[in-house]
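Engineer: Mind looking at a prediction? Sequence and model below.
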Amino acid sequence: MTHLFTKLKNACLLFTLLLLISSCNSSKKISGIYRSNFAQYGFFVTEVKLNEDSTAVFQKWGDVLGEKLNGKYKISKNTLYLKFNKLKHDSSKDTVSINELSMIPIDTSEYQDSHGYDLKFENGIPYHLKFKIKHNKLLVYNFVSDKIIRRCQGSKNKARFYLKKLDNY
(Lines give C-alpha, C1' and ligand atoms only; values in the text may rest on other atoms or scores of the structure.)
Protein backbone atom coordinates (compact mmCIF):
# COMPACT_ATOMS: atom_id res chain seq x y z
CA MET A 1 0.00 0.00 0.00
CA THR A 2 2.83 2.41 0.84
CA HIS A 3 4.45 1.63 -2.53
CA LEU A 4 1.22 2.64 -4.35
CA PHE A 5 0.99 5.79 -2.21
CA THR A 6 4.59 6.74 -3.09
CA LYS A 7 3.93 6.26 -6.83
CA LEU A 8 0.76 8.36 -6.60
CA LYS A 9 2.59 11.06 -4.66
CA ASN A 10 5.41 11.15 -7.26
CA ALA A 11 2.90 11.33 -10.12
CA CYS A 12 1.12 14.26 -8.45
CA LEU A 13 4.43 16.06 -7.91
CA LEU A 14 5.44 15.48 -11.54
CA PHE A 15 2.06 16.77 -12.79
CA THR A 16 2.29 19.87 -10.57
CA LEU A 17 5.84 20.54 -11.74
CA LEU A 18 4.88 20.22 -15.42
CA LEU A 19 1.88 22.51 -14.89
CA LEU A 20 4.06 25.08 -13.16
CA ILE A 21 6.71 24.99 -15.91
CA SER A 22 4.14 25.30 -18.70
CA SER A 23 2.46 28.27 -17.03
CA CYS A 24 5.80 30.06 -16.59
CA ASN A 25 6.81 29.55 -20.21
CA SER A 26 3.51 30.61 -21.74
CA SER A 27 4.17 33.58 -23.96
CA LYS A 28 1.40 36.07 -23.49
CA LYS A 29 0.35 37.93 -26.60
CA ILE A 30 1.36 41.55 -26.03
CA SER A 31 0.43 42.86 -29.47
CA GLY A 32 -2.73 44.94 -29.69
CA ILE A 33 -4.05 48.42 -29.07
CA TYR A 34 -3.80 49.99 -25.61
CA ARG A 35 -5.70 53.19 -24.79
CA SER A 36 -5.78 55.36 -21.68
CA ASN A 37 -8.61 54.48 -19.34
CA PHE A 38 -9.74 58.14 -19.21
CA ALA A 39 -8.79 61.46 -20.77
CA GLN A 40 -6.05 63.19 -18.78
CA TYR A 41 -7.13 66.63 -17.61
CA GLY A 42 -10.37 66.00 -19.47
CA PHE A 43 -8.66 66.37 -22.89
CA PHE A 44 -5.69 64.09 -23.62
CA VAL A 45 -5.99 60.46 -24.73
CA THR A 46 -2.97 58.20 -25.19
CA GLU A 47 -2.95 55.16 -27.46
CA VAL A 48 -0.21 52.66 -28.25
CA LYS A 49 -0.54 50.07 -31.01
CA LEU A 50 1.90 47.19 -30.65
CA ASN A 51 2.31 45.04 -33.76
CA GLU A 52 3.54 41.45 -33.72
CA ASP A 53 6.66 42.45 -35.68
CA SER A 54 7.83 44.66 -32.75
CA THR A 55 6.82 47.90 -34.48
CA ALA A 56 4.61 50.38 -32.66
CA VAL A 57 2.53 53.50 -33.20
CA PHE A 58 2.26 55.94 -30.29
CA GLN A 59 -0.50 58.56 -30.42
CA LYS A 60 -1.48 61.26 -28.00
CA TRP A 61 -4.21 63.72 -28.82
CA GLY A 62 -6.62 66.12 -27.23
CA ASP A 63 -8.34 69.38 -27.93
CA VAL A 64 -6.20 70.88 -30.73
CA LEU A 65 -2.90 69.11 -30.01
CA GLY A 66 -1.86 65.72 -31.27
CA GLU A 67 1.18 63.63 -32.01
CA LYS A 68 1.64 60.36 -33.86
CA LEU A 69 5.02 58.64 -33.62
CA ASN A 70 6.23 55.42 -35.20
CA GLY A 71 8.85 53.24 -33.62
CA LYS A 72 9.85 49.84 -32.31
CA TYR A 73 9.38 48.19 -28.95
CA LYS A 74 11.34 45.69 -26.92
CA ILE A 75 10.25 43.76 -23.86
CA SER A 76 12.57 42.85 -21.02
CA LYS A 77 11.01 41.03 -18.08
CA ASN A 78 7.73 42.91 -17.53
CA THR A 79 8.88 46.25 -18.96
CA LEU A 80 8.09 47.49 -22.47
CA TYR A 81 10.59 49.91 -23.99
CA LEU A 82 9.41 52.12 -26.85
CA LYS A 83 11.94 53.84 -29.12
CA PHE A 84 10.75 56.20 -31.82
CA ASN A 85 12.18 56.15 -35.34
CA LYS A 86 13.24 59.79 -35.16
CA LEU A 87 15.25 61.36 -32.39
CA LYS A 88 14.25 64.33 -30.27
CA HIS A 89 13.66 67.38 -32.43
CA ASP A 90 16.46 69.93 -32.53
CA SER A 91 14.76 73.11 -31.32
CA SER A 92 17.41 75.34 -32.89
CA LYS A 93 16.06 74.56 -36.39
CA ASP A 94 12.57 75.87 -35.69
CA THR A 95 13.68 79.13 -34.09
CA VAL A 96 13.35 82.00 -36.55
CA SER A 97 12.73 85.70 -36.23
CA ILE A 98 9.51 87.36 -37.43
CA ASN A 99 11.37 88.91 -40.39
CA GLU A 100 12.88 85.55 -41.40
CA LEU A 101 9.49 83.88 -41.13
CA SER A 102 7.98 86.07 -43.80
CA MET A 103 10.95 85.56 -46.14
CA ILE A 104 11.70 81.82 -46.03
CA PRO A 105 9.48 78.88 -46.91
CA ILE A 106 9.05 76.38 -44.08
CA ASP A 107 9.13 72.69 -44.95
CA THR A 108 6.70 71.15 -42.47
CA SER A 109 7.56 67.58 -43.56
CA GLU A 110 10.85 68.04 -41.70
CA TYR A 111 8.91 68.14 -38.42
CA GLN A 112 6.86 64.97 -38.95
CA ASP A 113 7.47 62.36 -36.26
CA SER A 114 9.53 64.84 -34.25
CA HIS A 115 9.04 64.72 -30.50
CA GLY A 116 10.36 66.05 -27.24
CA TYR A 117 11.33 62.78 -25.51
CA ASP A 118 14.96 62.26 -24.50
CA LEU A 119 16.70 59.04 -25.51
CA LYS A 120 17.49 57.01 -22.39
CA PHE A 121 19.20 53.68 -21.76
CA GLU A 122 18.31 50.94 -19.29
CA ASN A 123 19.97 47.52 -19.19
CA GLY A 124 21.58 48.35 -22.55
CA ILE A 125 18.20 49.08 -24.17
CA PRO A 126 17.69 52.50 -25.81
CA TYR A 127 14.18 53.94 -25.34
CA HIS A 128 12.13 57.13 -25.30
CA LEU A 129 9.19 55.86 -23.23
CA LYS A 130 8.69 52.81 -21.06
CA PHE A 131 5.70 51.00 -19.64
CA LYS A 132 5.23 48.27 -17.07
CA ILE A 133 3.17 45.35 -18.38
CA LYS A 134 0.58 44.13 -15.90
CA HIS A 135 -2.70 42.22 -16.50
CA ASN A 136 -3.52 43.44 -20.06
CA LYS A 137 -2.55 46.97 -19.02
CA LEU A 138 0.41 49.21 -19.59
CA LEU A 139 1.35 51.25 -16.54
CA VAL A 140 2.86 54.54 -17.65
CA TYR A 141 6.23 55.76 -16.39
CA ASN A 142 6.74 59.49 -16.01
CA PHE A 143 9.49 60.28 -18.52
CA VAL A 144 11.07 62.87 -16.20
CA SER A 145 10.97 61.18 -12.76
CA ASP A 146 11.05 57.59 -14.13
CA LYS A 147 8.36 56.55 -11.63
CA ILE A 148 5.08 54.86 -12.49
CA ILE A 149 2.20 57.32 -12.68
CA ARG A 150 -0.26 55.90 -10.14
CA ARG A 151 -2.89 58.63 -10.24
CA CYS A 152 -3.61 61.33 -12.77
CA GLN A 153 -6.01 64.24 -13.03
CA GLY A 154 -9.12 63.38 -15.03
CA SER A 155 -11.94 65.71 -15.91
CA LYS A 156 -13.25 65.84 -12.32
CA ASN A 157 -10.74 64.26 -9.94
CA LYS A 158 -7.60 62.16 -9.65
CA ALA A 159 -7.91 58.50 -10.54
CA ARG A 160 -5.74 55.48 -11.34
CA PHE A 161 -4.17 55.92 -14.74
CA TYR A 162 -3.08 53.21 -17.17
CA LEU A 163 -3.43 52.09 -20.79
CA LYS A 164 -5.91 49.22 -21.12
CA LYS A 165 -5.77 46.66 -23.91
CA LEU A 166 -8.78 46.97 -26.19
CA ASP A 167 -10.67 43.71 -26.73
CA ASN A 168 -11.66 44.43 -30.32
CA TYR A 169 -8.17 44.20 -31.80
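Structural biologist: Happy to help now that I have it.

Engineer: Give the partner strands of the top strand by length along the chain in its sheet and their orientations.
Structural biologist: Across the chain, the longest stretch assigned as strand under DSSP state E is strand 65-76. Strand pairing for strand 65-76, determined by DSSP bridges: strand 55-62 (antiparallel), strand 79-84 (antiparallel).

Engineer: hmm, who's touching that strand?
Structural biologist: Outside of strand 65-76, the residues within contact range by C-beta atoms under 8 Å, 6 or more residues apart in numbering are 30, 44, 50, 54-61, 80-86, 113, 115, 123, 125, 127-128, 133. In this view, the C-beta of every residue, glycine as well, is placed from N, C-alpha and C.

Engineer: what does stretch 38-52 give?
Structural biologist: By C-beta under 8 Å, 6+ apart, stretch 38-52 touches 30-36, 56-63, 65, 73, 80, 82, 131, 138, 140, 152-156, 159, 161, 163.

Engineer: Please produce a PyMOL select command covering the buried subset of these.
Structural biologist: The buried residues among the contacts of stretch 38-52 can be selected in PyMOL (16 or more other C-beta atoms under 10 Å) with this line:
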select buried, resi 30+32+33+34+35+36+56+58+60+73+80+82+131+138+140+152+154+161+163
